[in-house]
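> How does the following fold in three dimensions:
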Amino acid sequence: MPACAPPHTQQPHPPHSPAPAPAPRRFRVAGADLSAAVAVFLIALPLSLGIALATGAPLQAGLVAAAVGGIVAGRLGGCPLQVSGPAAGLTVVTADLIHRYGWRVTCGITVLAGLAQLGLGCLRVARGALAVSPAVVHGMLAGIGLTIAVAQLHIVLGGSPDSSVLANLRQLPAQLVRLDPAAVSMSTLTLALLMAWPRLPGRAGRLLRRVPAALVAVTGASLTAAFAGLTLPRVELPSWHSHALAGLPEGPALGIAAAVLTTTLVCSVQSLLGAVAVDKLVAARPGPQSHVGRSDLDRELLGQGAANIVSGALGGLPIAGVAVRSTANVKSGAVSRNSTMLHGVLVVVAALLMVPVLEEIPLASLAALVMAVGIQMVSLHHIRTVTRHREVPVYAATTLGVVALGVLQGVLLGIAVAVALALHRLARTRITHEEKEGVHHVQIRGQLTFLAVPRLSRTLHLVPQGAHAVVELDGSFMDHAAYESLQDWRSSHSARGGTADLAGRRGGIRTAERAPATECRCRPWTPWRNHQSCFAAAPAAAAGQEAGRELARGISSFQRNTAPLVREELARLAREGQRPSQLFLTCADSRLVTSMITASGPGDLFVVRNVGNLVPPPGEKHGDDSVAAAIEYAVEVLGVRSITVCGHSGCGAMQALLTSGTGRSDSSLGRWLRHGLPSLARTAGDLGDRPRLAGRAPADAVERLCLANVVQQLAHLRAHATVARALARGELELHGMYFHVGEAQAYLLARTDGATVFEDVPEGVGGGEEAHGRSGTISPGQV
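The predicted structure follows:
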């Protein structure tokens, strides 16, 4: 029994007595889930009515879809915190279906689309939907947003929209002449509240902003219209006894199939992309992370399919993941799928008990709300992103196609333009030749494929026999045909007395080196001195010159072998900036390769290295601000979640402390090593317990001091005000680590039976909770 378990007080059962019945499981809802459910419900209620209005469906259909999306998709879906319901992205599709086939047939199409989603989920193809170009998805949403905004503008002005976007645009001048002052005033008030509410200043503003802007806008317009006695169309919710359910699809089979395909495509892509976005929101949420796992996209597709089957059968709108509600759910602190399900239950309660209240909402106010959502779907951030990636043609073609032709046709047009653009980039290669100071430069810009081989061959034959040539490759891909052509020319040119170097242009810096006579077959992390057989024989050089050559060879090897593999990731980090989650403070010893012993990559660790992995206490007379500055920058600017102090075996700084204290106190090294004296005192005196390795005592006095030094530097870390504040807020963890160089074994600091022990990390340990459950962190009273 674990030490922390309470004593067992029940009497043992008689040998033959039946086992007691298990206690019934109680449905428990966390307070965070309850508050998040209320927040999402207050957003979902007006938006569901507004989207139903925009599609031309019965207004109850929006409430049915919101309830089913919350309860069914929330219970069965693979993304616990994603909130599903009637989505603005489905408005255009649904409105077109209702116009063509009628409402009951549209419900039947929704059921068929749900069955299609179930089939796709069983085939486990959810990840394939993410292969669609982001420019196509953003363009589709922008086109849908423009269509919604233009249609709802007619209702805002007091008229009624047409089913065609182009017709709505043509009729807009006439509608401006026939303005309805009451509708315009309520729409204007709704839009003004929508824009002003999130910008309320001061402490009172922060409290008021907890109420969703959409609810405030619709409520304000409804109360104003009621008190002013305005006569204008309002929400009408007929009796649920007359609510229309799904009917059998009627019409041309090809048209029905296209409708099912379009609904399935938009619902699935929007839901899957929403699930990925929710994962990012949860990961970026401040404070301790909840136990919400990453989304299971195939299960999410199954849950969405089941929800669409139920919603269509009950006469509801098509369902997909809704970004606005999901974002509100995450930001409200939801920790499980209970918040999504409770929001659906609240919608059911409202649909049954709040009908008189809902019927006071002006339709113009709902139209203004949906029009604002449509405008927001044309995201400036998305436009800047596609511009940066040179995919504006794809975005523009998809947007215009959705507006002019329809959602499915617009998406297919966007995919066609994306494929054409990719082929154009693949085939577009610029090859030039010029001579500079007797050296012939052949520059190749773009992807080098078989399509460019004829031009490459013609250009290479412009280099005279016996001349020195440099072929500069400025691209990320070379296929087999181009490689063979280049190598054949190089061999032929060398046989005729010429020389040829292959070079790469990376960020404006040209690196060129003759190909080594022998290919490098060394294992990763091989030191320079063991690479001698990988390079062609070179004349003997002085020690300093040889060291310089080793560095140059290492850089050249990186440019040739590693840079092409990491360039894309480094380019992303260059754009987004560094966002490490860990500060790793370790010794400057050359045998410690931090990225190797932590299996980390670029952007993972913010590393500080010094002699002896020391952390000078704040206010030290001979302190060093460089370490304190790095700690402050990591915690307050970068927002790291963890700081690890890593010592190692055979540390020269610890050996110096044991041998002669600080040595010559007037030397820089002697003054620096003074910060290690408390560690020396910890091993000799009674300052806390003496740390040890799990399973064995320290091998010698040096190892004992190396272990104590890690614990002591953690104590120094806690004395820094920046670290203390972050620890008090629960935003930071401290970890101790010891690396045995000779054994290639890492040990993590833990607390076992009141003793400070460094436990080894076996090969099978995974990340996250398992590793932390083994090693733990050091609490304030333990250091």
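> average pLDDT for stretch 616-634?
Confidence for stretch 616-634, expressed as mean pLDDT, is 83.
> tell me which residues of that stretch are tucked away?
Using 16 or more other Cβ atoms under 10 Å as the test for burial, stretch 616-634 gives 616, 617, 618, 627, 628, 630, 631, 634. Using the backbone N, CA and C atoms, a C-beta is placed for each residue, glycine as well.
> Can you list the neighbours in contact with it?
Under the contact criterion Cβ atoms under 8 Å, 6 or more residues apart in numbering, stretch 616-634 has outside partners 580, 583, 585, 606, 608, 610, 614-615, 640, 643, 671-672, 674-675, 716-717, 719-723.
> now do stretch 475-486
Outside stretch 475-486, the residues that touch it by Cβ under 8 Å, 6+ apart are 426, 429, 444-450, 452-453, 456-457, 460, 471, 502, 564, 567-568.
> what about the closest residue to residue 122 other than its chain neighbours, neighbour count?
With sequence-adjacent residues excluded and distances taken as Cβ to Cβ, 6 or more residues apart in numbering, residue 122 is closest to residue 302, at 7.4 Å. Neighbours of residue 302 under the rule other Cβ atoms under 10 Å: 23.
> Check the spacing between residue 302 and residue 336 real quick.
19 Å (Cβ to Cβ, to the nearest Å).
> what's the answer for residue 587, then?
43 Å.
> How about residue 284?
From residue 284 over to residue 336 the distance is 19 Å, taken as Cβ to Cβ.
> what does residue 625 give?
46 Å.
> do residue 467 as well
To residue 336, residue 467 is 71 Å away according to Cβ to Cβ.
> the more surrounded of those two?
Ranked by neighbour count (other Cβ under 10 Å), residue 467 and residue 336 place residue 336 first, with 19 against 16.
> Among the contacts of stretch 475-486, name the ones in helices.
426, 453, 456, 457, 460, 564, 567, 568 (DSSP state H).
> List just the nearest of these to residue 256.
Taking Cβ to Cβ as the measure, residue 256 lies nearest residue 426 of the ones in helices among the contacts of stretch 475-486, at 38.2 Å.
> For that closest one, give me its contacts.
447, 449, 451, 477 are the contacts of residue 426 under Cβ under 8 Å, 6+ apart.
> Would you mind measuring from it to residue 564?
The gap separating residue 426 from residue 564 is 17 Å, by Cβ to Cβ.
> low pLDDT regions in the stretch 401-550 of the chain?
476, 504-548 (pLDDT under 70).
> what do you get if the cut-off is 50, keeping everything else the same?
505-519, 533, 535-539 (pLDDT under 50).
> What of the chain?
In the chain, residues with pLDDT under 50: 1-20, 22-24, 288-289, 505-519, 533, 535-539, 687-688, 764-783.
> where do the strands sit along it?
All strands of the chain, identified by DSSP state E, fall at 84-85, 320-321, 430-436, 439-445, 468-474, 499-506, 509-513, 582-587, 605-610, 642-648, 692-693, 733-740, 745-752, 755-760.
> Can you give the strand pairings for the last one, parallel or anti for each?
In the sheet containing strand 755-760, its partner strands are strand 692-693 (parallel), strand 745-752 (antiparallel), by DSSP bridges.
> For the longest one, buried residues please.
By that I understand strand 745-752. Quick answer for strand 745-752 (16+ other Cβ under 10 Å): 746, 747, 748, 749, 750, 751.
> Ok, stretch 721-731 next?
722, 723, 726, 727.
> Quick check, the first one in contact with residue 636.
Which is residue 722. Yes. The criterion here is Cβ atoms under 8 Å, and residue 722 meets it with residue 636 at 5.9 Å.
> how close does residue 176 sit to residue 154?
Relative to residue 154, residue 176 is positioned 10 Å away (Cβ to Cβ).
> between the two, which one's more packed in?
Neighbours per residue (other Cβ under 10 Å) separate residue 176 from residue 154, with residue 154 holding more: 18 against 11.
> ok, and the closest non-adjacent residue to that one?
Closest to residue 154 by Cβ to Cβ, 6+ apart is residue 161, at 4.2 Å.
> which residues in the stretch 1-150 of the chain form helices?
Using DSSP state H, counting those that start in this stretch, the helices assigned to the stretch 1-150 of the chain run over residues 31-55, 59-68, 74-76, 91-101, 103-122, 126-129, 134-156.
> Would you mind finding the most buried of those helices?
Using mean count of other Cβ atoms under 10 Å, the stretch among these with the largest mean neighbour count is helix 59-68, at a mean of 29.
> and the longest helix for this structure?
If you go by DSSP H, the chain has its longest helix at helix 253-284.
> Check which helices and strands that helix sits against.
Helices and strands touching helix 253-284, by 3 or more Cβ pairs under 8 Å, 6 or more residues apart in numbering; DSSP states H and E, are helix 91-101, helix 103-122, helix 126-129, helix 134-156, helix 297-313, strand 320-321, helix 323-331, helix 407-427.
> Would you tell me which of the ones you listed gets closest to residue 214?
Proximity to residue 214 (Cβ to Cβ) singles out helix 323-331 among the helices and strands packed on helix 253-284, at 8.3 Å.
> quick one: buried residues of that closest one?
323, 324, 325, 326, 327, 328, 329, 330.
> Return the closest of those with respect to residue 358.
residue 325 (18.3 Å).
> Kindly provide the distance from the residue nearest to residue 739 when sequence neighbours are not counted to residue 293.
Spatially, and ignoring its direct neighbours in sequence, residue 739 is nearest to residue 648 (4.5 Å; Cβ to Cβ, 6+ apart). Taking Cβ to Cβ as the measure, residue 648 falls 35 Å from residue 293.
> ok, now residue 347?
26 Å.
> hmm, back to that, nearest to residue 396, out of the helices of the stretch 1-150 of the chain?
Residue 396 sits nearest to helix 134-156 of all these, at 7.1 Å, using Cβ to Cβ.
> okay, the closest one in CSV with CA atoms only?
Extracted in CSV, the C-alpha atoms of helix 134-156 (Å, rounded to 0.1, in the frame of the first residue of the first chain):
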residue,chain,number,x,y,z
PRO,A,134,-4.9,26.2,-46.2
ALA,A,135,-5.3,28.8,-49.0
VAL,A,136,-8.3,26.8,-50.3
VAL,A,137,-9.8,26.5,-46.9
HIS,A,138,-9.3,30.2,-46.1
GLY,A,139,-10.6,31.1,-49.5
MET,A,140,-13.7,28.9,-49.0
LEU,A,141,-14.5,30.5,-45.7
ALA,A,142,-13.9,34.0,-47.1
GLY,A,143,-16.3,33.3,-50.0
ILE,A,144,-18.9,32.0,-47.6
GLY,A,145,-18.4,35.0,-45.4
LEU,A,146,-18.9,37.4,-48.3
THR,A,147,-22.0,35.6,-49.4
ILE,A,148,-23.5,35.7,-45.9
ALA,A,149,-22.7,39.4,-45.4
VAL,A,150,-24.3,40.4,-48.7
ALA,A,151,-27.4,38.4,-48.1
GLN,A,152,-27.9,39.6,-44.5
LEU,A,153,-27.4,43.2,-45.5
HIS,A,154,-30.8,43.1,-47.2
ILE,A,155,-32.5,42.1,-44.0
VAL,A,156,-30.5,44.7,-42.1
